[in-house]
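Enquirer: Model the following, please.
(chains A and B)
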There are 2 protein chains.
Amino acid sequence: MDIETLRSRHPDHWKLACAIRTLTLDAVAAANSGHSGMPMGMADVATVLFGRHLKFDPTAPNWPDRDRFILSAGHGSMLLYALLHLTGYADMTLDQIKAFRQWGAITAGHPEFGHAGGIETTTGPLGQGIANAVGFAIAEESLRARYGAKVMNHHTYVIAGDGCLMEGVSHEAIGLAGKLELSRLIVLWDNNGITIDGKVSISDMTDQKARFQAAGWDVFECDGHDPEDIDRALVKAKKSARPSMIACKTHIALGSSAQDTSKGHGALTDAKLIADTKAAYGWPYGPFEVPADVREGWVAIGARGAAARAEWEARLAAVPAARKTEIERMFSGEVPAKLGAAIRKLKKAAADEAPKLATRSASEKVLAAVNPILPETIGGSADLTGSNNTKTADLGVFTPEDRKGRYVYYGIREHGMAAAMNGMALHGGVRPYGGTFMCFTDYARPAMRLSALMGIPVVYVMTHDSIGLGEDGPTHQPVEHLAISRATPNTWVFRPADLTEVAEAWEIALTSQQTPSVLALSRQNLVAVRKTYSSANLTARGAYVLAESEAPRKAILIATGSEVEIAIKAKAALEADGIGTRVVSMPCMELFAEQDEAYRKRVLPAGPVRVGIEAGVRQGWDRWLLGERARPGKADFVGMSTFGASAPYDRLYKEFGITAEATVEKVKALL
Amino acid sequence: MDIETLRSRHPDHWKLACAIRTLTLDAVAAANSGHSGMPMGMADVATVLFGRHLKFDPTAPNWPDRDRFILSAGHGSMLLYALLHLTGYADMTLDQIKAFRQWGAITAGHPEFGHAGGIETTTGPLGQGIANAVGFAIAEESLRARYGAKVMNHHTYVIAGDGCLMEGVSHEAIGLAGKLELSRLIVLWDNNGITIDGKVSISDMTDQKARFQAAGWDVFECDGHDPEDIDRALVKAKKSARPSMIACKTHIALGSSAQDTSKGHGALTDAKLIADTKAAYGWPYGPFEVPADVREGWVAIGARGAAARAEWEARLAAVPAARKTEIERMFSGEVPAKLGAAIRKLKKAAADEAPKLATRSASEKVLAAVNPILPETIGGSADLTGSNNTKTADLGVFTPEDRKGRYVYYGIREHGMAAAMNGMALHGGVRPYGGTFMCFTDYARPAMRLSALMGIPVVYVMTHDSIGLGEDGPTHQPVEHLAISRATPNTWVFRPADLTEVAEAWEIALTSQQTPSVLALSRQNLVAVRKTYSSANLTARGAYVLAESEAPRKAILIATGSEVEIAIKAKAALEADGIGTRVVSMPCMELFAEQDEAYRKRVLPAGPVRVGIEAGVRQGWDRWLLGERARPGKADFVGMSTFGASAPYDRLYKEFGITAEATVEKVKALL
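Expert: Below you'll find the predicted structure:
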């Protein structure tokens, strides 16, 4: 539909949509950067979606049963900001729109979760939003099945561009959604045929409709500028029993001289272009000006959802008190008080029994205790269930037939799993954890970074956390992955040494509100190292004195995870030679770094030589070995400096020199 | 086709395939680990492929015009090892098969490039092989177009499993191959319906055939146990004008009690199961025993390609000498001598003109000088051509219509691009480089790690390397990514400060034979800091004294890339206060770490306080700040400890305190 036809046939719609378009043009011009073309192209679709379908209430941005709107094509952020502003989200003022992309504004270059109400997730890295959406839809299905449609009953809408659909993660997301028959998930594809480098066809000839159908989706089409056609497609999609994709044929940068070009993808800042475009729109208003009738139209749209929200609140009020309390607790992110008791019980048993087991098995024991008392957990694995030890007996499996199951078979989709977990955590009411081999942190990285950036407490269960994986060889042996996660801001990397530390790490991870956790867990069996029960969570201090020196203190061994038992063996040998040796277990460097100087000094006093032991690269260790009151030239490290190899794990430890003997030797060389 | 029918109809084929199956069973049993089921399931397909189609010569594993065989489902490594052993690759002895997955053996858990002839790429992380294959096929098409079918004319065959096809990178690979119409690429899908967690259908319902067709592939099917049907499909696929996928219906762990189960995916080590399976095969031989007639059959297959190779050598000998020399040079990985002169010329001009420009623009200048004299370069970008500055005027674009073009529009496929570049580098004869925003290192990580693990000199052009990216905000601003790449063994991370250092970094990257390079390049303009021409490549030392102190030396500022000019400003301010300050530019930490102690000591002598400056996290810096003769407590760092934000870049530098003023303050506080 061309502009003239659209204006004449749907004058009210046209003006509503033009408000989005012109706010975009003005904000991008003011910022002298940004992306004009996408909001200009998708304004009609968004207007119909918000105007007639989306269930939302700007006065209650966090209403749990709202529909979720996800702008996967995050570079078109002005589309979202304009919608939030026009429909009346209090924080999205016109001043914020005018401060687009400026320091301190909530209107960042790409939508940032937490900046403003109505921003459901951080997008910009392409494909993440559509993959998050799968998690949003899983959370909704799960809660609806378990708590009833009266309290949970909504849709997840996504606007995705060609870039989102070209990214690999979209394949994982689409496949998972198709298998799980997530019928409340509706993707609106901005089919404009343009990317930064030019026409989509210079790099891709994929038949997207056939592709989505192959993955088990229903596919619809519409003229993305015809409000009735858009509406018709949305009505159909909502009736589908499968996830739906609507191919919206649009013109990027509609109405400008850059329409249908890659120039239109970027920042249109030329004054004449903007003036000409507004003229073509029949929009005689000044910059950032929205006439009163158009404002009123948008405010009315913003007011549409108030009744639905009131009804929902009435329904929630009618839910039996205990159930209502549970739902509210789950959405608050607070854990039940009994979690602490369950963890302490596990720790007591661990101190009594001192079991020798892999920390991945220890993790399973913790989950077996935790899952029955935390109905919010949703577990899963990227096709390594038996290896990651992520499935406990009570969970059931989340399938189209059983929506109450709380375990997801994610398939061989580490990236899709991580992004879906982000979506679940953002949706609220559920607390996701998922497993893969630690080496495949690499595959999940883009979504793991976003967990950290958004500040959401996703738990990554990363087993087979070193050359201890053994025969599978270097492609499967993490070496740099502890360093990678530790380098990432707002990420807790736990490498627990035994069942007690695993229980403590899980307790921290499950009570976290704003920080994701990476649990690095061993494949191989480990001896118990924490033999004395302590009700306090020592892992929460990040590092602590596990074994004090007997002879006068000459050395401090600092170790994590599977290498703590090596430190203990080395200590025994050193003490036998009269070299007093302290062993510090350091399950979480980030939490230790947060302790006050006095505590850090108690754990790492000046004087003794220091040797760190970890079956990974040294990067990240020097702060503890060379800094923090260390003596110059009196520190060393036992670990990896190359990739691993394929062999039984005990052989690998020996060949790579990660042994008590090597540790003793290094200490003696330093004394 | 069931075993009985297969045995009776194709007795010779059956025995050949059984040799693969039983060597697999025996090797996995001996190792007590590994994956039996895949080789047992795909033995028939592999036998037909090697027996009737694959162009190879075990006596010349690196013959440039051989067909490439890529086992994307790398866990089935015994399939490949058995084939290499049976067809007569000299290094793949029976002892190596017996030492499967043991220390020092070339028969690693997953195929490792460089371990043995015939292992074309390292696989195991799923999806990598099929994505590498796209690069192999691009290299072949490119060289065939430019040097003629007489010297380059072969196919790339891939065996991929369900896991490979579920991984997101497969989507990127398939889409790229479809667009580029890589008709010499043939993927054999091991359609066995089983993954580790159970049936494929528990996590995926994708119609793979429809999916490949949607991406522009031709799709064929066969009974993966019927040699005639397999052959028929291969004949057809070779005739197709598009990339082909053959869906091979197979039974995992064929003939064992674990057939068609997820148990069959893993290590079948039970003695009775093995005995029963061999009985079902009609294979009365001992462990690792291959009867003479079967050996002869395989040796004959191995001998098939000798004539083709001899003919190829004759054709190559007939190529005009200069051209032949160029081809041989390109396959050797040696660069032409004139590269050094071109780099020196650039450096001279840079010293004369001291241009102020972004290092990404500097990189483009270097490429403009280099590409015309290095016909082996193949450039590209993941849809950020204008931003990554990766395209030079002479390259042309590699398309189905113009195979001579040397620039690939990879589309929004960072991971697929990286994996394809690995394939190109492995193919030989070409030297790939490709660009994206540095933050999207995250997307490309799994393949970047494999560049390092395989030891292949891929060049990653990572622009927009810090908060200097500005308004796009924290999703697009790398903070931890320098640390991530530096944590990875065998990776050179270059962060050059100006055109001179960019030219030096490119020179090192382009002459590298076994190490990939990451070039971290600025979006923003930078002043020239190397004002004196030096013919020596100072970047090759990793770090060097850029500016000596004038007053007696009290401080050393160590900086990289865009922060070197901050260091120079800080030095000026400090010297004005009588504080003698040395500036060390450190474009490559890895190369500096390789220098001898004497050189490192000259650059970083004991005594002065030290401040590091880099707009990234501190991780990785402590070695230079706290170690290397540093004084305790006399070092600090100016950089990032959180994610970035959305604002103009100069504002961000100020807000995050990465300024000359902050540097001066820290130095003074330490003195």
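
Enquirer: Please count neighbours and contacts with C-alpha atoms only from this point.
Expert: OK.

Enquirer: ok, the residue in chain A that chain B sits nearest to - how many residues close by?
Expert: The minimum distance from chain A to chain B, using CA to the nearest CA, falls at residue A:168 (3.7 Å). By other CA atoms under 10 Å in any protein chain shown, the residues close to residue A:168 number 29.

Enquirer: backbone phi and psi for it, please?
Expert: Summarising the backbone geometry of residue A:168 under the convention degrees, to the nearest 10, its torsions are phi -60, psi -40.

Enquirer: Who are the contact partners of the nearest residue to it once chain neighbours are set aside?
Expert: Spatial nearest neighbour of residue A:168, chain neighbours left out: residue B:168 (3.7 Å); criterion: CA to CA, 6 or more residues apart in numbering or on different chains. The neighbours of residue B:168, taking CA atoms under 8 Å, 6 or more residues apart in numbering or on different chains as the test, are A:167-172, A:413, A:415, B:127.

Enquirer: Most neighbours of all those residues, which one?
Expert: With neighbours taken as other CA under 10 Å, the top of those is residue A:169, carrying 34 neighbours.

Enquirer: Okay, angle between the helix or strand encompassing that residue and helix B:168-180 too, please.
Expert: Taking DSSP states H and E as the definition, residue A:169 sits inside helix A:168-180. Counting by axes from the mean of the first three to the mean of the last three CA atoms, to 10 degrees, helix A:168-180 points 110 degrees away from the direction of helix B:168-180.

Enquirer: circling back: of the contacts of residue B:168, which is the nearest to residue A:229?
Expert: Comparing the contacts of residue B:168 against residue A:229 with CA to CA places residue A:170 closest, at 25.8 Å.

Enquirer: got the contact list for the closest residue to the closest one other than its chain neighbours?
Expert: Closest residue to residue A:170 in three dimensions, ignoring its sequence neighbours and counting by CA to CA, 6+ apart: residue A:127, at 5.5 Å. With contact set as CA under 8 Å, 6+ apart, residue A:127 has these partners: A:72-73, A:160, A:163-170.

Enquirer: how about 6 Å then?
Expert: Applying CA atoms under 6 Å, 6 or more residues apart in numbering or on different chains to residue A:127 gives the contacts A:164, A:167, A:169-170.

Enquirer: So which bits of the stretch 551-671 of chain A are right by chain B?
Expert: When proximity is defined by CA under 6 Å from any CA of the partner chain, the stretch 551-671 of chain A lies next to chain B at A:619-620, A:622, A:626, A:642, A:646-647.

Enquirer: Same check on the stretch 1-150 of chain A?
Expert: The stretch 1-150 of chain A has residues A:101-103, A:108-109 near chain B, with proximity defined as CA under 6 Å from any CA.

Enquirer: any chance you could map the helices in the stretch 101-250 of chain A?
Expert: Using DSSP state H, counting those that start in this stretch, the helices found in the stretch 101-250 of chain A span residues A:128-147, A:162-166, A:168-180, A:208-214, A:227-239.

Enquirer: err, the stretch 501-650 of chain A, not the other one
Expert: Taking DSSP H, counting those that start in this stretch as the test, the helices found in the stretch 501-650 of chain A are A:564-576, A:589-594, A:597-603, A:622-626, A:649-655.

Enquirer: List phi and psi for the residue nearest to residue A:170.
Expert: Dihedral angles phi and psi of residue A:127 (degrees, to the nearest 10) take the values phi 90, psi -20.

Enquirer: picking up where we left off before, would you turn the helices of the stretch 101-250 of chain A into a markdown table with mean pLDDT?
Expert: Below are those laid out as a markdown table (pLDDT from 0 to 100):
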| stretch | mean pLDDT |
| --- | --- |
| helix A:128-147 | 98 |
| helix A:162-166 | 98 |
| helix A:168-180 | 98 |
| helix A:208-214 | 98 |
| helix A:227-239 | 98 |
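
Enquirer: Include distance to residue A:340 when you put these into JSON lines, please.
Expert: JSON lines is the format used below for these (distance: least, CA to CA, whole Å):
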{"stretch": "helix A:128-147", "distance to residue A:340": "25"}
{"stretch": "helix A:162-166", "distance to residue A:340": "42"}
{"stretch": "helix A:168-180", "distance to residue A:340": "34"}
{"stretch": "helix A:208-214", "distance to residue A:340": "45"}
{"stretch": "helix A:227-239", "distance to residue A:340": "43"}
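
Enquirer: Residue B:198: which of those is closest?
Expert: Within those, the stretch nearest residue B:198 is helix A:168-180; the backing value is 14.5 Å (CA to CA).

Enquirer: so where's chain A shaky on pLDDT?
Expert: Nowhere does chain A drop to pLDDT under 70.

Enquirer: domain assignment for it?
Expert: By the record's domain assignment, chain A is partitioned as A:3-309, A:338-521, A:542-670 (automatic domain parsing).

Enquirer: Of those domains, flag the one that's most buried.
Expert: domain A:338-521 (a mean of 24; mean count of other CA atoms under 10 Å in any protein chain shown).

Enquirer: closest to residue B:152 among the residues of the stretch 1-150 of chain A next to chain B?
Expert: Minimum distance to residue B:152 across these is 47.6 Å, recorded for residue A:109 (CA to CA).

Enquirer: Kindly export the helix or strand containing residue A:293 (C-alpha atoms) in PDB.
Expert: Here residue A:293 is covered by helix A:292-303, with elements defined by DSSP H and E. Once side chains and other backbone atoms are set aside, the C-alpha atoms of helix A:292-303 remain, and they are given as PDB (Å, rounded to 0.1, in the frame of the first residue of the first chain):
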ATOM      1  CA  ALA A 292      -3.200  16.900  20.100                       C
ATOM      2  CA  ASP A 293      -5.600  14.700  18.200                       C
ATOM      3  CA  VAL A 294      -2.800  12.200  17.500                       C
ATOM      4  CA  ARG A 295      -1.600  12.300  21.100                       C
ATOM      5  CA  GLU A 296      -5.200  11.600  22.200                       C
ATOM      6  CA  GLY A 297      -5.400   8.700  19.800                       C
ATOM      7  CA  TRP A 298      -2.300   7.200  21.300                       C
ATOM      8  CA  VAL A 299      -3.300   7.900  24.900                       C
ATOM      9  CA  ALA A 300      -6.600   6.000  24.200                       C
ATOM     10  CA  ILE A 301      -4.500   3.100  22.900                       C
ATOM     11  CA  GLY A 302      -2.500   3.200  26.100                       C
ATOM     12  CA  ALA A 303      -5.600   3.200  28.200                       C
END
